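>>> Prediction below, plus the sequence it came from.
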Amino acid sequence: MVHAVGMGLRYKTPLGPVRADLAYSINPPHFTGFSGTVVDLLNCDPRKPAGQLPGYCQGVPQSLSHFQFFFSIGQTF
């Protein structure tokens, strides 16, 4: 769960409500990810010594964007 502030639009259609929200995440989550492609990650061998590992085998600190956009069709639960 992430705390965010923002605004949204709601529109009733014959098929159901349509919603669009734009929010600014106050404190987006941070995590350790990997650089490179999926194939690079699958070819990575973490048992090799650190000096021989390609750059994409190393963990890279990442975070989600502060701005989030949500779009949905239908009722909320």
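Yep, it's here. Numbers count the residues shown, from 1 in each chain.

>>> Give me the pLDDT for the residue positioned nearest the centre of the chain.
Relative to the mean C-alpha position of the chain, the nearest C-alpha, by Cα atoms, centre = their mean, is the one of Leu64, at 5.2 Å. On the pLDDT scale, Leu64 is placed at 87.

>>> residue contacts, it?
The neighbourhood of Leu64, defined by Cβ atoms under 8 Å, 6 or more residues apart in numbering, consists of 2, 25, 28-29. All C-beta spots, glycine's among them, are computed from the backbone N, C-alpha and C.

>>> want to try TSV for the residues you listed, with distance to Pro17, pLDDT and secondary structure as columns?
TSV is the format used below for those (distance: Cβ to Cβ, whole Å; pLDDT from 0 to 100; DSSP: H, G, I helix; E, B strand; the rest coil):
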residue	distance to Pro17	pLDDT	secondary structure
Val2	24	83	coil
Ser25	24	92	strand
Pro28	28	90	coil
Pro29	29	89	coil
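
>>> Rebuild those as a markdown table, extending it with neighbour count and distance to Val39.
What follows is those, written out as a markdown table (neighbours: other Cβ atoms under 10 Å; distance: Cβ to Cβ, whole Å):
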| residue | neighbour count | distance to Val39 |
| --- | --- | --- |
| Val2 | 11 | 31 |
| Ser25 | 17 | 31 |
| Pro28 | 15 | 28 |
| Pro29 | 10 | 26 |
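
>>> Around the residue nearest to Ala23 when sequence neighbours are not counted, how many other residues sit close by?
With sequence-adjacent residues excluded and distances taken as Cβ to Cβ, 6 or more residues apart in numbering, Ala23 is closest to Gly6, at 3.0 Å. Neighbouring residues of Gly6 were enumerated by other Cβ atoms under 10 Å; the total is 13.
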